[in-house]
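Colleague: quick one: sequence and predicted model below, then my questions.
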Amino acid sequence: MTNDTLARILDKAALDAQPVAQLSLTHTFDENTAYAIQEELLACRYERGEQFVGIKLGFTSEAKMKQMGVNDLIWGRLTNRMLIENGGTLSLSDFCHPRVEPELCFLTKKDIDRELSLDEAHEYIEAVAPALEIIDSRYKDFKFSLEDVIADNCSSAAFVVGEWHDAVPDLSHLTIELIVNHKVVESDTSAAILGNPWLSVCHASRLAAKYGQEFPAGSYLMAGAATGAVYLQAGDLVKARVRLLGEAGFSVE
Ligand code: OOG
Ligand code: MG
C-alpha cells in the first residue's frame with residue numbers, strides 16, 4: 001500500500017470517529033516513512049481547506065512516555081480546525097476516545113527555518129500560555145507503536161489555549177495542574193517538560209527544519225504534556241491551571 005492509502009485509512013478513522021487497527025500490525029514501516037504518512041494525512045486535511053497553524057511535541061515528559069510505553073520525542077502538526085476557543089465546548093461524538101493533558105503553548109514571533117539554540121529560543125517567542133491538548137488516537141484501544149503514532153499525526157485532535165503572557169526566561173518552576181470537574185486529577189511542575197520547556201522550542205525548530213516544515217511567525221507550539229492524560233466524559237468541565245499563567249478550559253458535551 002502507498003503512504004497515501006495508509007494516510008487515508010487514518011483520515012477516514014478521524015472523520016468517522018471510528019478507530020482502526022494499528023497499521024504496524026499489517027505493514028512494516030520505519031520512522032521516516034511514518035513521517036511521510038503523516039504528511040499525506042495532513043494533505044487530506046489541507047484538501048478540505050484546513051490550514052497549518054503550528055507544531056506539537058509529544059513524549060517530552062517521563063509521565064507520558066511511561067503511560068504510553070514509548071520513549072522517543074515525536075512531533076505533529078496542528079491545524080486551525082483543531083483549535084477550540086478558551087471556554088468552548090468539545091463534542092465527544094466528533095472523536096474516537098479522546099483524552100486530555102495539560103500543556104504550555106508558545107506563540108512564535110519570527111519565522112523559524114533552522115535549529116535554534118537555547119540562548120536563541122527566547123528571541124523567537126512572542127508569548128506563552130496555559131493550554132490543554134486533546135489527543136485522540138485513531139487506533140483501537142489507544143494502543144500503538146512509535147511508528148503508528150507518528151503516522152497518526154501523534155494523536156493530535158484538538159487544543160485550547162489560555163491567555164498569553166510574556167515568556168520569561170525561567171519557565172521550569174511552574175506547577176501545572178489538570179482539573180476535571182473542580183478536582184485536580186494530575187499535577188506536576190513544568191520541569192517535567194524536558195527539564196525546561198524552552199527546550200521544546202529548540203526541538204521543534206530542529207524537527208521542523210529536518211522535515212522541511214515551514215514554521216512561520218505567529219505559529220502555535222504545544223510544548224508537550226507535563227503529566228499523563230485522562231479520558232474525557234460527557235459533561236466534564238476541564239481546566240489546565242498553571243502557576244503565574246492562569247487557566248485554559250473547555251467543557252465536554
Ligand atoms: C501521543 C501524543 C503525545 C504529548 O504531549 O506527550 C503527546 C499520545 O499520547 O497519544 O501529545
Ligand atoms: Mg500533547
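Modeller: Thanks, I have it. Ligands and ions are numbered 1, 2, ... in the order given.
Colleague: buried residues, the longest helix anywhere in the chain. List them.
Modeller: Longest helix in the chain, counting residues (DSSP state H): helix 31-47. Going by neighbour count (16 or more other C-beta atoms under 10 Å), the buried part of helix 31-47 is 33-42, 44-45. Just so you know, the C-beta spots here come from the backbone N, C-alpha and C atoms, and that holds for glycine as well.
Colleague: return the residues of the stretch 101-250 of the chain in contact with ligand 1.
Modeller: Within the stretch 101-250 of the chain, the residues that sit near ligand 1 (C-beta under 6 Å from any ligand atom) are 101, 133, 135, 137, 149, 154-155, 224-225.
Colleague: in helices, which of these appear?
Modeller: Those of these lying in helices (DSSP H): Val149.
Colleague: out of the residues of the stretch 101-250 of the chain next to ligand 1, which is most surrounded?
Modeller: Among those, the one with the most neighbours (other C-beta atoms under 10 Å) is Ala225, at 33 neighbours.
Colleague: what's near enough to touch that one?
Modeller: Contacts for Ala225 (C-beta atoms under 8 Å, 6 or more residues apart in numbering) come out as 58, 60-61, 63-64, 101-103, 133, 193.
Colleague: turn the residues you listed into CSV, columns for distance to Tyr220.
Modeller: Shown next, in CSV, are the contacts of Ala225 (distance: C-beta to C-beta, whole Å):
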residue, distance to Tyr220
Gly58, 15
Thr60, 15
Ser61, 19
Ala63, 22
Lys64, 19
Glu101, 15
Pro102, 15
Glu103, 11
Glu133, 11
Ile193, 15
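Colleague: what about Lys122, how many neighbours?
Modeller: Actually, residue 122 is His rather than Lys. Neighbours of His122 (other C-beta under 10 Å): 14.
Colleague: report the secondary structure state of it.
Modeller: What DSSP: H, G, I helix; E, B strand; the rest coil gives for His122 is helix.
Colleague: kindly report the same for His27.
Modeller: Looking at His27 with three-state DSSP, the answer is coil.
Colleague: what residue in the stretch 51-200 of the chain comes nearest to ligand 2?
Modeller: Residue nearest to ligand 2 within the stretch 51-200 of the chain: Glu133 (3.9 Å; C-beta to the ion).
Colleague: contact partners for that residue?
Modeller: 56, 100-101, 103, 156, 158-159, 222, 225.
Colleague: what pairs with the helix or strand in which Leu107 is found, parallel or antiparallel?
Modeller: Remark: Leu107 resides in strand 99-108, with elements defined by DSSP states H and E. Strand 99-108 has the following strand partners under DSSP bridges: strand 125-135 (antiparallel), strand 220-222 (antiparallel), strand 230-231 (antiparallel).
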